[in-house]
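Student: Predicted model and sequence below, questions to follow.
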Amino acid sequence: MPWLETDPMDQRVQFLTDQRLGFYSMTELCARYGISRKAGYQCLDRFEQHGRAGLTPRSRAPHSCPHRIAAELAALLCATRRKHPDWGAGKLLDYLGPRHPGTEWPAVSTVNDLLGRHGLLVKRRRRRRRSLHPGVVPPTTQEPNDLWTADFKGQFRTRDGIYCYPLTIADLHRRYLLTCHGLPSTHGLGARRIFERAFQTYGVPRAIRTDNGVPFATSGIHGLSQLNVWWMRLGIQHQRIHPGRPQQNGAHERMHKTLKRRAIRPPREDAAAQQRAFNRFRAEYNEERPHDSLGGQTPAAHYQASPRP
């Protein structure tokens, strides 16, 4: 014949029955049922207060959690994340903190848990950080406009089939994106007009760092091009990274990654629509997006134009 099966509810009823018979002390009775004396007395108290209904299992979840995110804050964090899907928990807190003074914000790990529960996190494989070659000297700056970085983001076609070559210029010290302009080619004449406009608006930097591509360098004597000869005449030092070493201009390359995600994918209808997307990205990058190297503040809050005309 099969074994008799009992559930916790039947055992609690039998425990109360044996306790009323008085054959065993509370210590002996709890030992026979494999429970502590505290659990035994708790069972008696619940039965006296609620009857048989008090013997049913109860949830062990706490009645209140002092660390739970308020519903209003959770909705605000999720809405901001949906608006800026490439911002992490730290950037969300840095962005919302000044806009909602006096609010007690949760920890970064708590915000990450919240975003994960709402399906707003994309799990990515963690990349191993590569150490720099001992001969690579990272650029150092003391103040804004000590060093500008410039580069062409990889070309792509807008939806009308026309190629777009985004030229970006940024201040390395404050991470301020000076310009982001789509050009039809990498010819030096078009790039020179963009640099002229930047110099007229923000003054002249002490140095500009680029790669070795057109129009920043050529295959001629010393790799000089008309563009960097013009810079030298203006008193600007031209720094060129080593060929095939984009990490020597890492801050600019990292900005390009964000640019591609926010303003290029997917490409816009034509050059005018694409430029409007670049302008929106530049405004967000400078005035809204917190930057880790600036203590969670925006580049626009720290950047100042160069005093060199």
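Tutor: Good, I have the coordinates. Since the model is a prediction, treat every value here as computed from it, not as a measurement.

Student: So which residues of this protein form helices?
Tutor: Here the chain has its helices, by DSSP state H, at 8-21, 26-33, 37-50, 71-83, 89-99, 108-117, 188-202, 226-233, 250-259, 271-287.

Student: by contact count, what packs against the longest one?
Tutor: Same thing as helix 271-287. On a contact count with 3 or more CB pairs under 8 Å, 6 or more residues apart in numbering; DSSP states H and E, helix 271-287 meets strand 163-171, strand 176-183, helix 250-259. Bear in mind the C-beta positions are built from the backbone N, C-alpha and C, glycine included.

Student: Can you list the low-confidence ranges for the stretch 151-300 of the chain?
Tutor: The model of the stretch 151-300 of the chain has no residue with pLDDT under 70.

Student: so Leu224 touches Thr218, yeah?
Tutor: Yes - proximity of Leu224 to Thr218 meets the contact threshold set by CB atoms under 8 Å, at 6.7 Å.

Student: Got the domain ranges for the chain?
Tutor: Using automatic domain parsing, the domain ranges for the chain come out as 8-55, 71-117, 148-301.

Student: before we move on, the earlier item: could I get the helices and strands packed on helix 271-287 in TSV, plus columns for mean neighbour count?
Tutor: As requested, these are exported to TSV (neighbours: other CB atoms under 10 Å):
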stretch	mean neighbour count
strand 163-171	21
strand 176-183	22
helix 250-259	17
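
Student: Out of the ones you listed, flag the one nearest Ser64.
Tutor: For those, the distance to Ser64 is smallest for helix 250-259, at 40.2 Å, taking CB to CB.

Student: Next, the angle from the closest one to strand 176-183.
Tutor: Helix 250-259 and strand 176-183 are oriented at 60 degrees to each other (axes from the mean of the first three to the mean of the last three CA atoms, to 10 degrees).

Student: possible to save the helices of the chain as CSV with distance to His181?
Tutor: What follows is these, written out as CSV (distance: least, CB to CB, whole Å):
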stretch, distance to His181
helix 8-21, 72
helix 26-33, 79
helix 37-50, 73
helix 71-83, 25
helix 89-99, 26
helix 108-117, 34
helix 188-202, 5
helix 226-233, 15
helix 250-259, 12
helix 271-287, 7
